[in-house]
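**Student:** structure, please.
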Amino acid sequence: MDATRTRRLGREERGSAVAEFAFILPVLLALIMFLVEGGNLFRAWLTLQKSSQMAVRFATTGQGDEDGTRLAQIVAEAKKLESSLPGGSPAMTVTVCSRPGTDLAASCADDDPGQPCQMVEVRTSVLYTPFTPLVAAALPETLQIRSTERGINEPWKVCQ
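**Tutor:** Numbers count the residues shown, from 1 in each chain. From the prediction side, this is the model:
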């Protein structure tokens, strides 16, 4: 091979880096969008987890039992973090129920935070709407994220 032909081959590969970058760029952008959406979804789930934990921690103390505002106070405690949910503060749903004793097989009495020594359960949920362009097209229009936390009410009165 002569020297001029070798030089010509070297010059023909000049644009290959740009072409390779053009092929890789869409994949990298899609990966970044999936990471951002996944992080946002995880943040929403962690917020719901913390809301449920805060509400159960409050519920087990029996505050509001004397004046009949206990259920409303538990829901308000769970909704304290609602504004920190990603996606423009979607509406959080809070459900409170109780079970006699500590039996998970027993049916849960809805809208009842329970009596002393009973199990209280707080469920939080939110409809999450994906916002990144590629990921939103690949996922359903809304995803329901849920969290459940349970605790045993303290004996603020004599346990029955």
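**Student:** starting at the chain centroid, how far to the longest helix anywhere in the chain?
**Tutor:** Longest helix in the chain, counting residues (DSSP state H): helix 16-59. Distance of helix 16-59 from the chain centroid (CA atoms, centre = their mean, to the nearest Å) equals 11 Å.
**Student:** use 52 as the first number for this chain going forward.
**Tutor:** Yep, numbering from 52; the last one is helix 67-110 now.
**Student:** burial measure for V177, as a count.
**Tutor:** 25 (other CB atoms under 10 Å). Just so you know, the C-beta spots here come from the backbone N, C-alpha and C atoms, and that holds for glycine as well.
**Student:** return the list of helices and strands in contact with the longest helix of the chain.
**Tutor:** helix 121-129, strand 143-150, strand 170-179, helix 184-189, strand 194-203 (3 or more CB pairs under 8 Å, 6 or more residues apart in numbering; DSSP states H and E).
**Student:** pLDDT on that helix, on average?
**Tutor:** Taken as a whole, helix 67-110 has a mean pLDDT of 92.
**Student:** what residues does the spatially most central residue of the chain make contact with?
**Tutor:** The residue lying closest to the centre of the chain (CA atoms, centre = their mean) is W96, at 1.3 Å. By CB atoms under 8 Å, 6 or more residues apart in numbering, the contact set of W96 is I196, S198.
**Student:** 7 Å instead?
**Tutor:** I196 (CB atoms under 7 Å, 6 or more residues apart in numbering).
**Student:** state the distance from it to K130.
**Tutor:** 17 Å (CB to CB, to the nearest Å).
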